[in-house]
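[1] Here is a sequence together with a model predicted from it:
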Amino acid sequence: MDLIVEDLAAIDDKLSQRHIDLDPGGYFIIYLDRDAGLIYAKHFTNVIDDRGLAVDPETGKVIPAREKVERTHTTVFNARTAKELCVKIFEETQRPPVTQLNHAAYLGREFVRAEVALVTGQEYVQD
């Protein structure tokens, strides 16, 4: 069976709508620095409350998913490729800031998307 681009996009869109538990280890904001040729991943801590929502460990306030929030990151990782970024985060960090396999898989996919955008000049927006 041949899958066309629209079919693949539909599969991805559907899977993006599924529920996933948030990682108590925190979350990442991924962005590009095109001038430097680097992919950046800022790590932020959070606590998951009894409702399953991410809250700021300092204020106890819910961290909104779709709004810009001013918070201080704990660590910034950067690399030239997705693989290099994964090695830095998952292999070279004493205690990797990711505690769930689904979060690690998501980050790997996002890092590849960011790398492709960096190489091709396409816009990158984190999913």
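    Sure thing, it's come through.

[2] quick one, strands of the chain?
    All strands of the chain, identified by DSSP state E, fall at 27-33, 38-44, 47-48, 54-55, 75-79.

[3] would you turn those strands into CSV with distance to Ile63, mean pLDDT and mean neighbour count?
    To be clear about C-beta, it is placed using only N, CA and C from the backbone, and glycine gets the same treatment. Below are those laid out as CSV (distance: least, CB to CB, whole Å; pLDDT from 0 to 100; neighbours: other CB atoms under 10 Å):
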stretch, distance to Ile63, mean pLDDT, mean neighbour count
strand 27-33, 8, 97, 17
strand 38-44, 8, 97, 20
strand 47-48, 10, 94, 14
strand 54-55, 5, 92, 18
strand 75-79, 17, 97, 16
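
[4] Include distance to Tyr106 when you put the ones you listed into TSV, please.
    Below are the strands of the chain laid out as TSV (distance: least, CB to CB, whole Å):
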stretch	distance to Tyr106
strand 27-33	9
strand 38-44	12
strand 47-48	16
strand 54-55	14
strand 75-79	15
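
[5] Can you name the residues that contact Val98?
    Asp23, Gly25, Gly26, Ile89, Phe90, Ala104, Leu107 (CB atoms under 8 Å, 6 or more residues apart in numbering).

[6] Figure out which of the strands of the chain is closest to Val125.
    Ranking the strands of the chain by proximity to Val125 (CB to CB) places strand 27-33 first, at 9.6 Å.
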